[in-house]
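Trainee: I need the structure of the sequence given here:
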Amino acid sequence: MAANVHEIRERVLLKEYGLSNVHSTDFPGNYPGFNDTWDQTHFEENFRIDVIKMEQDVLEFDMIGIDASFANAFRRILLAEVPTMAIEKVFVYNNTSIIQDEILSHRLGLIPIRADPRLFEYRGTEDADGTEIDTLQFELQVKCTKNPRASRDSSDPNELYLNHKVYTSHMKWVPLGNQADLFTETEAPRPVHDDILIAQLRPGQEIHVVVHCVKGIGKDHAKFSPVATASYRLLPEICLLSPVEGELADTLQRCFSPGVISVDVVNGKKVARVVSARQDSCSREIFRHDELKKLVQIKRVRDHYIFSIESTGILPPDTLLLEAIKVLAGKCQRFLEELDVAEMD
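Mentor: Residues are numbered from 1 along each chain as shown. This is a model prediction of the structure:
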């Protein structure tokens, strides 16, 4: 009985035609002999975060010993509530390109801006002009001309024209107030990538715009979202209920993602072995083979989340996670304060 209860509470079982053990059962009094009352000391002893991979803009870590609601809260906060700086207003002084002003403004708004939003304040809706504490200003002025040195027989636009491609590298930061003193040359605000194509021009066409960047969050507009993606999945677990040998071992290996199953030769026989269940996509391909159905069991660990954060480059992914934790802590604090006010009333 105890083994069955542990299986129900700690594993999600992937079957041929559905899932089992998907509902939470760890609440007080559900099972006799199990004390499921929430305890902070017990939580602190069991909860941990293991960093698996941390690169320039990608962070992968395991969040262990936590409920799905918290994992999803971090994901939603990362997508929609961690503030960033993005282009909000576009002042078009000259645009003779084939791109309409509205489309050009939309393209500019989606360019990720490398600037620490923690150094700025939110801009009020009634403010007509920005200041150094709430606004970043960039200027984009590019005019296409013919290349006098181009060959007469050439048909390559890269050789025939000068400045015919408008990139984010053409955007120049215009400091407001004392911003030039606050940012060094290496830390000056700029687009995350210099090679984002904004528009293409032909001789005589010109784009001259001034843009204002403000602080905002993703729930207001997707351009403020600091992540390209933030996702999580449960840790897969693969159990071989009996040895899988011979040609069946090769079939089993092909049913899973590369690197999950290894086929070793033991005493002249091929034997399948689970190497890294973490890389499995849980496709349940084994259920296509009748001879494998009763030999393999696919599960997912209920409280072990593989979390992945891919930053747009505005802030490092580890910084984004810390900011998400601060946002969640602030929500909890406001909730406790509201409870105190309600009790006083």
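
Trainee: strand partners of the strand ranked longest in the chain, parallel vs antiparallel please.
Mentor: Criterion DSSP state E: the longest strand present in the chain is strand 296-311. Strands adjacent to strand 296-311 in the sheet, as given by DSSP bridges, are strand 11-15 (antiparallel), strand 58-64 (antiparallel), strand 227-240 (antiparallel).

Trainee: can you list the residue ranges for strands in the stretch 101-250 of the chain?
Mentor: Counting by DSSP state E, counting those that start in this stretch, the stretch 101-250 of the chain has strands at residues 113-114, 136-143, 145-146, 161-162, 165-167, 172-174, 190-191, 197-200, 206-216, 227-240.

Trainee: residues making contact with the fifth one?
Mentor: Translated: strand 165-167. Here strand 165-167 makes contact (CB atoms under 8 Å, 6 or more residues apart in numbering) with 140, 142, 194-201, 207. Where C-beta positions appear, they are placed from N, C-alpha and C, glycine not excepted.

Trainee: would you mind checking those for buried ones?
Mentor: 140, 142, 196, 198-199, 201, 207 (16 or more other CB atoms under 10 Å).

Trainee: out of those, flag the one nearest to residue 20.
Mentor: Lowest distance from residue 20 to the buried ones among the contacts of strand 165-167 (CB to CB) belongs to residue 196, with 47.3 Å.

Trainee: read off the pLDDT value for the closest one.
Mentor: The model reports residue 196 with a pLDDT of 96.

Trainee: and for it, nearest residue in space, chain neighbours not counted?
Mentor: Sequence neighbours aside, residue 168 is the residue nearest to residue 196 in space, at 4.3 Å (criterion: CB to CB, 6 or more residues apart in numbering).

Trainee: gap between the residue of the chain most remote from its centre and residue 164?
Mentor: Centroid-distance maximum for the chain: residue 152 at 48.8 Å, with CA atoms, centre = their mean. Between residue 152 and residue 164 the computed distance is 18 Å (CB to CB, to the nearest Å).

Trainee: ok, residue 62 next?
Mentor: 48 Å.

Trainee: and those two? Which one has more around it.
Mentor: Between residue 62 and residue 164, counting by other CB atoms under 10 Å, residue 164 is the more crowded of the two (19 against 16).

Trainee: for that one, give me its contacts.
Mentor: 144, 157-158, 200-202.

Trainee: again, only using 7 Å
Mentor: Neighbouring residues of residue 164 by CB atoms under 7 Å, 6 or more residues apart in numbering: 144, 157, 200-202.

Trainee: which residues touch stretch 135-149?
Mentor: The contact list for stretch 135-149 (CB under 7 Å, 6+ apart) reads 85, 113, 115, 123, 159-164, 166, 170-174, 176, 189, 201-203, 205-214.

Trainee: can you pull the buried residues of it?
Mentor: Buried residues in stretch 135-149 (16+ other CB under 10 Å): 135-138, 140, 142-144, 147.

Trainee: run the chain-centre distance for it.
Mentor: Its chain's C-alpha centre and that of stretch 135-149 lie 33 Å apart, by CA atoms, centre = their mean, to the nearest Å.

Trainee: dump stretch 119-133 to PDB, restricted to CA.
Mentor: Output in PDB follows, covering the C-alpha atoms of stretch 119-133 (Å, rounded to 0.1, in the frame of the first residue of the first chain):
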ATOM      1  CA  LEU A 119      18.300  52.200 -13.700                       C
ATOM      2  CA  PHE A 120      15.100  53.900 -15.000                       C
ATOM      3  CA  GLU A 121      11.700  54.900 -13.700                       C
ATOM      4  CA  TYR A 122       8.300  54.200 -15.300                       C
ATOM      5  CA  ARG A 123       7.200  57.000 -17.600                       C
ATOM      6  CA  GLY A 124       3.900  58.600 -16.800                       C
ATOM      7  CA  THR A 125       1.200  58.500 -19.400                       C
ATOM      8  CA  GLU A 126       0.700  62.300 -19.100                       C
ATOM      9  CA  ASP A 127       4.400  63.100 -19.800                       C
ATOM     10  CA  ALA A 128       4.700  64.400 -23.300                       C
ATOM     11  CA  ASP A 129       8.500  64.600 -23.300                       C
ATOM     12  CA  GLY A 130      10.800  62.100 -21.600                       C
ATOM     13  CA  THR A 131      13.600  62.900 -19.200                       C
ATOM     14  CA  GLU A 132      16.900  61.300 -18.300                       C
ATOM     15  CA  ILE A 133      15.300  59.200 -15.600                       C
END
